[in-house]
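[1] sharing a model prediction with you, sequence too.
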Amino acid sequence: MDGENDFRKVTVAYLLVLSVAPTETPLRFVHIMWPGFVATSSGFNERGVYVMANSGSSTPNAEVAQRATPDTYVQRAILTNAESLAGVSAIVDQYSCNLGGTCPAGCILVMGEAAGESTTSRHGMVYEGDRYGGAYRFPTDAAPAVPTAVMATNHFLKYGYDPLYYNENFGQEVVANIFQVYSK
């Protein structure tokens, strides 16, 4: 965290690096977080699979998801079980809620794997999802189309995205600032 909404600067001044032994999970992993956080937001496992969360878009005033799992728990499941990026979609799908999606509040999960360990030619991808569904974005799927890189933002660039209306998802304006939400 960079402290943009942390007036006490706890997320900037303190950092925890936690390692989880294989006696607790199938794969060892390390994740990095600030004190008091109980799930995973950025980490990598012993196979070289990396996952990091970015905020995602979600349809405002939408239906409440039932059987929803926080995306931070999904990230932990990826780190504890994914041997490579090829196995990630099966893990993510296990946590779909009653509305079909995995991330009830909207998420962008940035993932990568070590190039030397890669089972595919793609070493990075982004999952863009909400309570209704999601899509995987790979290099060259969105601008800038760089074959060896994938860019992540706090807005979807594939799922529900139309390049003609870059500030919208599913035809609705993307709200980038929380103050915009409450000032309407």
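    The structure has been received and is ready for your questions.

[2] which stretches of the protein have low pLDDT?
    By pLDDT under 70, the low-scoring segments of the chain are 1-14, 34-40, 58-62, 116-121, 175-184.

[3] what about the strands in it?
    Ranges of strands in the chain, per DSSP state E, are 16-20, 29-33, 42-45, 49-55, 107-113, 124-129, 134-137, 168-169, 172-173.

[4] could you dump those strands to TSV with mean neighbour count?
    Any C-beta I mention is one placed from the backbone N, CA and C, and that applies to glycine too. Shown next, in TSV, are the strands of the chain (neighbours: other CB atoms under 10 Å):
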stretch	mean neighbour count
strand 16-20	12
strand 29-33	20
strand 42-45	20
strand 49-55	20
strand 107-113	23
strand 124-129	25
strand 134-137	21
strand 168-169	19
strand 172-173	12
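
[5] of all those, which lies closest to V146?
    strand 124-129 (10.3 Å; CB to CB).

[6] what about M151, how many residues nearby?
    Neighbour count of M151, defined by other CB atoms under 10 Å: 15.

[7] again with T80
    Count around T80 with other CB under 10 Å applied: 19.

[8] check the gap between the closest residue to it other than its chain neighbours and A152 for me.
    Closest residue to T80 apart from its sequence neighbours, by CB to CB, 6 or more residues apart in numbering: T25 at 3.9 Å. In this structure, T25 and A152 are 25 Å apart, going by CB to CB, to the nearest Å.
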